[in-house]
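A.B. asks: model the structure of this input:
(one chain, ligands or ions: 2)
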Amino acid sequence: MKKELILAIETSCDETAVAIIQDGKEIIANVVASQIESHKRFGGVVPEVASRHHVEQMTIVIEEALQQAKLTMDDIDAVAVTEGPGLVGALLIGVNAAKALAFAHNKPLIGVHHIAGHIYANRLVKEMQFPLLALVVSGGHTELVYMEDHITFEVIGETRDDAVGEAYDKVARTIGLPYPGGPHIDRLAHEGEPTLDLPRAWLEKDSFDFSFSGLKSAVINTLHNVKQRGEEIKPEDLAASFQASVIDVLVGKTLKAAEKYNVKQVLLAGGVAANRGLREELQKTFEPFDKQLELIIPPLPLCTDNAAMIGAAASELYKSGKRAAMDLNANPGLML
Ligand code: KG4
Ligand code: ZN
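C.D. replies: Ligands and ions are numbered 1, 2, ... in the order given. Next up is the predicted model:
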């Protein structure tokens, strides 16, 4: 049987990414052009700068992916693209490139939700087994997503304020660490001790929602108070205390939801899935369940934004006959 080949494009934030995925689970090519260096000096992603970089990089990255795969557009079955959520100007570059490719080569077009992509990064590691629970932790999202089947997403909990990656980046900026701060806090946390007693927002008893703005403010206030008293606090200990609070709540709620919904798998997804502390704590927590409840964690390059994950999610949409029309638009607030 002929293999299904999907060329996928992702430009929702600050990575211009193109991948070619075979049968929804095998990476044939995976190219990511990161813009981090350009945004670093501003302490965060500047949307206009991001769009301009995407324009410059888009065709180069598409060419590179095809070359890596030793394929031409004739071999490709469908073109997939992240349609949202994300920065509208950034998304538009990817959506228009995908439309142009699909139109010029007469290929079907598939629009993919960015978070569906993050979840499907796990499919590049292992076959999904339903029902499953995904913990989605990124710069823009913190969600617990329940799935009974492919491409059916039920958000059972979400953040009421900051996304966890956003809290990481803000705390990092307060300590004086460069953007993106998540990996720096993670590294520091491993060199310190969680000596500070920071709040944990468990919210109502049965809620799977999250809240991180109180914790973020507690870190900022602690730093401020310590400075005012002329004392010092080790950034390593502050990072370790912050990270311990975040991980406690994320892992605690994931375990509770996994038990309540009696799932077969727990998947970790999104940029913050690269966090060493979170990966280790989840592994420790789910190890005793052995084969009854399988934990899947993607390798680091598939945690942060990439197009391979978009291709993996697109494969299921493609098989179910889902096609986007040529008037597909970028949707910065797209719901899962
Ligand atoms: O998924 P992603 O690449 O982009 C969005 O869709 O938002 O996630 C980016 C976020 C940033 O906030 C970054 O600081 C965070 O992921 N991040 C981490 C780590 N690596 C990336 N946060 C904590 N620990 C890490 N090791
Ligand atoms: Zn992302």
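
A.B. asks: up against ligand 1, what does this structure have?
C.D. replies: 13, 138-140, 165, 168-169, 180-183, 186, 270-272, 274-275, 304-305 (C-beta under 6 Å from any ligand atom). In this view, the C-beta of every residue, glycine as well, is placed from N, C-alpha and C.

A.B. asks: mind running it again at 8 Å?
C.D. replies: Applying C-beta under 8 Å from any ligand atom, we find that the chain lies next to ligand 1 at 12-13, 15, 86, 114, 118, 137-141, 163-166, 168-169, 172, 179-183, 185-187, 270-278, 303-305.

A.B. asks: what's around the closest residue to ligand 1 within the stretch 201-336 of the chain, how many residues?
C.D. replies: Residue of the stretch 201-336 of the chain nearest ligand 1, by C-beta to the nearest ligand atom: Gly271 (2.0 Å). Neighbour count of Gly271, defined by other C-beta atoms under 10 Å: 23.

A.B. asks: ok, it - contacts?
C.D. replies: Val137, Ser138, Gly139, Gly165, Pro180, Gly182, Cys303, Thr304, Asp305 (C-beta atoms under 8 Å, 6 or more residues apart in numbering).

A.B. asks: from these, list the buried ones, please.
C.D. replies: Val137, Ser138, Gly139, Gly165, Pro180, Gly182, Cys303, Thr304, Asp305 (16 or more other C-beta atoms under 10 Å).

A.B. asks: stretch 147-166 spans what distance, first to last residue?
C.D. replies: Taking C-alpha to C-alpha, to the nearest Å, stretch 147-166 runs 25 Å from one end to the other.

A.B. asks: right, I mislabeled it, should have said stretch 149-166
C.D. replies: 30 Å.

A.B. asks: hmm, that stretch touching ligand 2?
C.D. replies: No. Against ligand 2, stretch 149-166 shows no contacts by C-beta under 5 Å from the ion, the least distance being 8.5 Å.

A.B. asks: so after the least confident helix or strand in the chain by mean pLDDT, what's the next helix or strand?
C.D. replies: Least confident helix or strand, the chain: helix 36-40 with a mean of 81, by mean pLDDT, DSSP states H and E. Beyond helix 36-40 on the C-terminal side, the first helix or strand identified by DSSP states H and E is helix 47-69.

A.B. asks: give me the contacts around that next one.
C.D. replies: 7, 9, 11, 13-14, 16-20, 28-31, 33, 35, 38-39, 42, 72-73, 87-90, 92-94, 97, 101, 307.

A.B. asks: show me which positions of that helix end up buried.
C.D. replies: Those would be 49-55, 57-58, 61-62, 65-66, 68-69, for helix 47-69 by 16+ other C-beta under 10 Å.

A.B. asks: in three-state terms, label Leu203 for me.
C.D. replies: Following DSSP: H, G, I helix; E, B strand; the rest coil, Leu203 is assigned to coil.

A.B. asks: contacting residues for it?
C.D. replies: Counting by C-beta under 8 Å, 6+ apart, the residues that Leu203 touches are Arg160, Asp209, Phe210, Ser211.

A.B. asks: now the stretch 51-200 of the chain against ligand 2: closest residue?
C.D. replies: Ser138 (4.4 Å; C-beta to the ion).

A.B. asks: contact partners for that residue?
C.D. replies: So Ser138 contacts Ile115, His118, Ala163, Val164, Gly165, Ala269, Gly270, Gly271, Val272 (C-beta under 8 Å, 6+ apart).

A.B. asks: tell me where the protein has helices.
C.D. replies: In the chain, the helices defined using DSSP state H lie at 36-40, 47-69, 88-105, 114-120, 164-175, 182-189, 213-228, 235-260, 276-286, 300-303, 308-319.

A.B. asks: can you tell me which of those helices the model trusts least?
C.D. replies: Confidence, taken as mean pLDDT, is least for helix 36-40 of the helices of the chain (a mean of 81).

A.B. asks: so how far is it from its chain's centroid?
C.D. replies: 19 Å (C-alpha atoms, centre = their mean, to the nearest Å).

A.B. asks: then stretch 85-103?
C.D. replies: The answer for stretch 85-103 is 19 Å, by C-alpha atoms, centre = their mean.

A.B. asks: next, the buried residues of that stretch.
C.D. replies: 85-99, 101-102.

A.B. asks: quick one: contacts for the residue nearest to the spatial centre of the chain?
C.D. replies: Closest to where the C-alpha atoms of the chain average out (C-alpha atoms, centre = their mean) is Gly270, at 2.2 Å. Shown in contact with Gly270 (C-beta under 8 Å, 6+ apart): Ile115, His118, Val136, Val137, Ser138, Gly139, His141, Gly165, Cys303.

A.B. asks: nearest to Gly24 among those residues?
C.D. replies: Nearest to Gly24, judged by C-beta to C-beta, of the contacts of Gly270 is His118 at 15.2 Å.

A.B. asks: per-residue confidence for the closest residue to the closest one other than its chain neighbours?
C.D. replies: Leaving out its chain neighbours, the residue that sits closest to His118 by C-beta to C-beta, 6 or more residues apart in numbering is Ala269, at 4.0 Å. On pLDDT, Ala269 comes in at 98.

A.B. asks: ok, what's across the strand from Ala269?
C.D. replies: Note on Ala269: beta-bridge partners by DSSP bridges are Val136.

A.B. asks: would you check that it makes contact with His114?
C.D. replies: No. Contact status for Ala269 versus His114: not in contact, 10.6 Å apart, counting by C-beta atoms under 8 Å.

A.B. asks: noted, bye for now.
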